[in-house]
Structures are given as C-alpha cells and as structure tokens.
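Asks: quick one: sequence plus predicted model below, questions after.
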Amino acid sequence: MSELMGKLIKHTNNPWNSATHDPPNPTNTVFIPELEVKAMELFIEGQRPSSSNQHSSLTQNQLKEDNFEKGMRVPTSVLNGCGDSFHAADEK
C-alpha cells in the first residue's frame, strides 16, 4: 500500500514528470555572452566624448555657481541641460 501511495504522491506533485521534461519557462529572458557585453562597452566608451571635453563647455563661474533647487537632489545645470534637450527634441 505504501508503494502505491508513494507513486500516487510522486505523480500528483510532479505534473511535468521532471525526470524527462523541463517545466515551461514563464520568463522570456535572453543571456548575452560576457565577451559580447565587453565589446559593446568598449564601443560605447569609444563613442562618448572624453570627460575633459564635457566640462569644457561650462565656464568656471557656472561650475562655482551651480547649486540645487529646493527639494531637488540634482544640480541646476543638469536640470537646465534636460530642459534644453527637451526643447531641442520638441522643435524637430
């Protein structure tokens, strides 16, 4: 009797019979090999301007006077840059 109960429990708790089949994967994920990720990172870094060029457009006075608006954790210059890019995209 216990052998029959064991088979019944094994059958009811394992609807996909994992010894032979994997259950369906509910997530639709894809993994990219690490070598490809490194190649993409190098490509992106090569496309970005150097950090010295990024700050050259800001004058020293702008850097010294950069502050935070009340309630914001982002410098005013960053907020202004976002606003400028929004207007540029809106004009297209």
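Replies: Thanks, I have it.
Asks: so where's the protein shaky on pLDDT?
Replies: 1-2, 4-22, 51-65, 92 (pLDDT under 70).
Asks: run through the helices of it in chain order.
Replies: 2-13, 34-47, 51-56, 60-65, 76-91 (DSSP state H).
Asks: quick check, Asp66 in contact with Leu79.
Replies: No. With contact defined as CB atoms under 8 Å, Asp66 does not reach Leu79; the gap is 10.3 Å. Just so you know, the C-beta spots here come from the backbone N, C-alpha and C atoms, and that holds for glycine as well.
Asks: what's around Arg73, how many residues?
Replies: By other CB atoms under 10 Å, 6 other residues sit near Arg73.
Asks: Pro75 too?
Replies: Neighbours of Pro75 (other CB under 10 Å): 14.
Asks: over to Thr76?
Replies: Count around Thr76 with other CB under 10 Å applied: 14.
Asks: hmm, it is touching Cys82, no?
Replies: No. Thr76 is not in contact with Cys82 according to CB under 8 Å; the separation is 10.7 Å.
Asks: distance check, Trp42 against Ile32.
Replies: Heads up, residue 42 is Leu, not Trp. From Leu42 across to Ile32, the span is 14 Å (CB to CB, to the nearest Å).
Asks: oops, could you answer that again for Gly81 instead?
Replies: Between Gly81 and Ile32 the distance is 31 Å, computed by CB to CB.
Asks: so for the two, which sits in the more crowded spot?
Replies: Gly81 (13 against 8).
Asks: list the contacts of the more buried one.
Replies: Gly81 makes no contacts at all, as judged by CB atoms under 8 Å, 6 or more residues apart in numbering.
Asks: repeat for the one 4 residues further on
Replies: The neighbourhood of Ser85, defined by CB under 8 Å, 6+ apart, contains no residues.
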